[in-house]
Each structure stands twice: as structure tokens, then as C-alpha cells.
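1. My questions concern the predicted model and sequence given below.
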Amino acid sequence: MTTGSSHTSTAPDGGISTFKGQERALRADRLGTGGLLLSVLAATAPLMVVAGVMPTTFAVMGIVGQPLLFVVLGVVLVLFGIGYAEMSRHVHNAGAFYAYISRGLGGTAGAAAALVALVAYNALQVGIYGIFGFEVSGLFATYADLEVAWWIPALAAVAAVGALGWLKIDVNARVLGVLLIVEVALVVVFDIAAVADPAGEGLSLHAFNPDTLSGAGVGTALCFCIAAFLGFEQAPVYAEETSRPHVLVPRVMFLAVGGVAVFFALSSWALTVAAGPSAIVGASREQSAGLLFFLTEERLGGTFTDVLHVLFVTGMFAAMLSFHNVVARYAFAMGREGLLPAAFGRTTGTSGAPGTGSLLQSAVAAVIVIAFAVADDKPSGDPTAPVLHLFTWFGNVGALGVIVLMALASLSVVVFFARRGAAGTQAWRLVTSALAGIALLVIAVYTVRDFDVLVGAGPDSALSWALPGIIGAALVIGLVQGLLLRSRAPETHARIGLGNEAFQLDKAAEATD
């Protein structure tokens, strides 16, 4: 059945852009390899990972072998990326994960994946506001002798990111790309300084010893470390906005995964060298997100550390903006295909940005930051709340959601090509996808099992099951929505994951009529 010609529209160049009109399409040809790579790497926020994620992982999980975890995860994600990249040649949709899962496992699974993705990336983005507020509050106290509650700069960032969400992504990429390059350069300078001036234990490789990965907390440490990679999988989200998605998306993904794995493995090792493998956990618990700056102050002086503080803030802002853009595009894709109200499936203004999705993400972030600010009812506030609660809890919830999505996407790749009779020609990609899917599923199981270590309140704490339960609830609600659409609105269900290609079906049906 056709949807009617009222849903079609001709683009300015004479081509049809989308089955619901030009306003339902993201603007193409806005991103090349450089712009796409910078947009993707902005989400990894290298300085935020080195200064925020790594010390928190050392402190909360007590795992010395974090550098080895980055190596292991790098291998797993390369295996995952082989099939994922091949899938990106066949499916171009701002929904990325859920679009791929829909093509392989069906619309109902796609609806579940869509809601998990929306919740997971929201959690990742909102979590960063916690450590952002903590750092900016500390800068005010240090340089202006002014006490500012962490939630004030956090809410200011919510407003700023929401406003920038309406602007062109390529403009943002140019500005943030320069800062990203400087961040990486400064972390490399620290790595060299740590190697040149190690702690009393010398250039120890103990952090790469598999024995360091024993005990409770390994699962959640894997989850937190995999969060450091998140960004590479976002490349297909921007596929509709590139000129050659079948070439650019795979290229950017492998550049991102390979570079991030090597960079983070070496940088986390440099932290253990600078503090000493036997002292790194204790130092991280004492210094929290200030560990890197404590170590650079000793070796590189106050000026270098001051610049690092500033770039720490800009890097976190870049990550927040990147995740914000991804959430907005997922909401756009879901609105375009009937999984969210139709208003989310329209672009806004001359920028062609998914404005309604941008507003949704900003509203969610503001509500959660305010809720944590109200809960932080101590007279002077709890200095650990924004980092050890908002940042750590929501960062792991989001990472768990993305791990589940990657495991489902790996399975979807196998099913997608097998159903099309391409199992023989794609055999090695299917094997790597299967291996990656199994590894990711194991990581997800261990993450849920060890969540009590993250919460720090014991296995009997309600938070140890409530936090991962957020992802479980999203999965179940999405499945129910998919089943209801299949029975009550089969045409909408059939469109899940098709994106702009759905218009071609309508066009062919109209021609037949």
C-alpha cells in the first residue's frame, strides 16, 4: 500500500531526498574524511579519558591492569568493526545500530535496539556533565577563589550544548578538531615525561601482566574502559551527511579504533609508571580526577598543568556536544520511522539539524543534573557526587547499553549476509562478527555481575540491579513497542531501519499504480 504523494518531496537539485519530504532528510555532502573523523574522535575526548576515566577506573575497580584491558578491547572492537564496516556499505541511516539490527533481526528487534540506543547515549552524555561540573567548580576555586556548586556550570553546559545542537556539525568539527589535536599532543608530552621520570619502581610492565586482571570489578572495569572507545561506532550515524559513505565510514572507524587503542593503552601505562604500579590505585583514590594534574605538576610545571586543565574542560565539552548530536540523530531517525512522534523526524531551520531531538536531549540532561543537585543535600555538597555518582554510574549504564547493541549488531551482521546467500563470500567477516559478538556478550554479563563494585554498596544494594536494569527496561519496552507496531501498524513496522530507502518503496509502488 502506498502512503500517498503528499508524503513525497523533490529536493532542490531535482532528486527525491526522503519518503516524507526534504525536511525529513539530513543534509548530504557536509562531511569528508577529516570532518567525520574529528566528529567521531570528539566523542572519545582523549584528555577526559586520561584524566577522568582512567583514574576513576583505577580507584573504583582497583584494577592495575587497565593498559592490558585497552589492548584486549582494541582487538575485540577491531573484530567487531570488520563486519560492522561491511554492513555500513549496505545501510546508510542516521539510526546506525538499530537500522543494522533491523535489517538482520527484524523490525521488532530494531525497535528494541532503537530505544536502548536512545537511553544509552543519553546516559553517556548526561554522565559527562557530572565530571564537567566538578572540574569547572574546581577551576573557580583554584583561580578565582570562588566557591561554585558543581551543578551550576553543569546546567550552563546543558544550555550551551543545546544551543550548538542547532548549528551545522561541520562548523563544530573545525573548531573542536583543533582543540582535539592539542589535547592529544599534551597527553603525549605527559607520556614521554612519565617514561623519562618514572616512580621508584621504574619502567615496570606490571600493568600488562594478566595476573592484574583477577578479582572483583574486572567486568565493570571492562565496561568503563570500553566507554573510552565510544565514538568510533558513531561514524555510520553521519553516513547520510557524507558524500561517499561506503568509503568514508569504514575508513574512519578503523582509524578511530586503532588509534584509540594504542593511545589509551600507552597513556594508562604511563600513569602506572608515573605513580608506580603498586601505588596507582591508592593515588587514584586520593586524587580522583586530579591524578593526572598532580603528576604533571611534579614533572612539567604549573603552566603546563594550567593549560591541561583548560583543555580538559574543552575536551569534555566536545564529547558532550558529540554525544548530543548522536542522540538527536537517533531521535530524528526514530521519529522518521514512527518509533517516536513525527515531530522528531523533521529537520530544523537552514542548518538542517534534527532540532526536536536536540531539545529532547537537553531536557533530559537538565532534569537529571537537577535531580542529582537536589540529592546532594550536604551543607557544602558532596565533592565525590558528580564524579563517583553521576559520571561513573551513568557512564557505565551507557556503556553497558552500547555493549548490548554491539553484541546484537554482530549477530545481525551474520544473519543479514547469511539470508542473502552471501555467507560464502563474506565468510571471514561473519566469523569475526561472531567472535566479537560472543566476546561482547561475555563482557555484558560480567559487567552486570560486577555492578555492585561500581556502586560501592555491596551486592545487596538496590542500585546494583537498578542501574543495569535501566538498559533491561529499555530493551523490554522497545520489544513491546515493536510487537505492538507489528500487529497494529504493519506498514510502520516494515519501515523500521529503512530510513530514506523507504521512499523508494513508495515511489515504486506509485509507479506500479
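-> Here it is on my side, so go on.
2. rest of the way, CA atoms for contacts and neighbours
-> Noted.
3. How far off centre is stretch 98-114?
-> Once both centres are worked out by CA atoms, centre = their mean, to the nearest Å, stretch 98-114 turns out to sit 19 Å from its chain's centre.
4. From the rest of the structure, what touches it?
-> Contacting residues not belonging to stretch 98-114 are listed as 87, 91, 93, 95, 97, 117, 330, 334, 339, 405, 408-409, 411-416, 474-483, 486, 493-498 [CA atoms under 8 Å, 6 or more residues apart in numbering].
5. Give me the buried subset of those residues.
-> By neighbour count, with 16 or more other CA atoms under 10 Å, these hold 87, 91, 93, 95, 97, 117, 330, 334, 339, 405, 408-409, 411-416, 474-475, 477-483, 486, 493-498 as buried.
6. Looking at the residues you listed, which are in strands?
-> Using DSSP state E, no member of the buried ones among the contacts of stretch 98-114 sits in strands.
7. Now, those that are in helices?
-> 87, 97, 117, 330, 334, 405, 408-409, 411-416, 474-475, 477-483, 486, 493-495 (DSSP state H).
8. where exactly do the strands run in the stretch 151-300 of the chain?
-> For the stretch 151-300 of the chain, applying DSSP state E, counting those that start in this stretch gives no strands.
9. Low-confidence ranges, it, go.
-> 167-176, 215-216, 233-247 (pLDDT under 70).
10. Which parts of it are helices?
-> 151-164, 169-196, 218-229, 245-275, 280-287, 291-336 (DSSP state H, counting those that start in this stretch).
11. Adding distance to Leu400 as columns, could you present those helices in a markdown table?
-> Putting those into a markdown table (distance: least, CA to CA, whole Å) gives the following:
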| stretch | distance to Leu400 |
| --- | --- |
| helix 151-164 | 23 |
| helix 169-196 | 26 |
| helix 218-229 | 6 |
| helix 245-275 | 18 |
| helix 280-287 | 23 |
| helix 291-336 | 16 |
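12. Minimum distance to Pro386: which of those helices has it?
-> Closest of the helices of the stretch 151-300 of the chain to Pro386 is helix 151-164, at 8.3 Å (criterion: CA to CA).
13. Run the chain-centre distance for the closest one.
-> 19 Å.
14. Run through the neighbouring helices and strands of that helix.
-> With contacts defined as 3 or more CA pairs under 8 Å, 6 or more residues apart in numbering; DSSP states H and E, helix 151-164 has these neighbours: helix 107-143, helix 291-336, helix 355-375.
15. residues near Trp151, how many?
-> For Trp151, the count of nearby residues is 25 (other CA atoms under 10 Å).
16. again with Ile370
-> 15.
17. Now it: closest residue in space that isn't a chain neighbour?
-> Trp151 (7.4 Å; CA to CA, 6 or more residues apart in numbering).
18. any idea how far Ile443 is from the one you found?
-> Note on Trp151: its distance to Ile443, by CA to CA, to the nearest Å, is 33 Å.
19. wait, doesn't the residue nearest to Ile370 sit right on Ala371?
-> No: using CA atoms under 8 Å, Trp151 makes no contact with Ala371, being 10.0 Å away.
20. Could you pull up the residues touching the residue nearest to Ile370?
-> Here Trp151 is in contact with Gly130, Gly133, Val369, Ile370, Ala373 (CA under 8 Å, 6+ apart).
21. Mark which of those are buried, thanks.
-> Gly130, Gly133, Val369, Ala373.
22. so which of these comes closest to Ala319?
-> Nearest to Ala319 among the buried ones among the contacts of Trp151, with distances taken as CA to CA, is Gly130, at 12.8 Å.
23. Name the nearest residue to that closest one, ignoring sequence neighbours.
-> Pro386 (4.2 Å).
24. Next, count neighbours for the one you found.
-> The burial count for Pro386: 28, using other CA under 10 Å.
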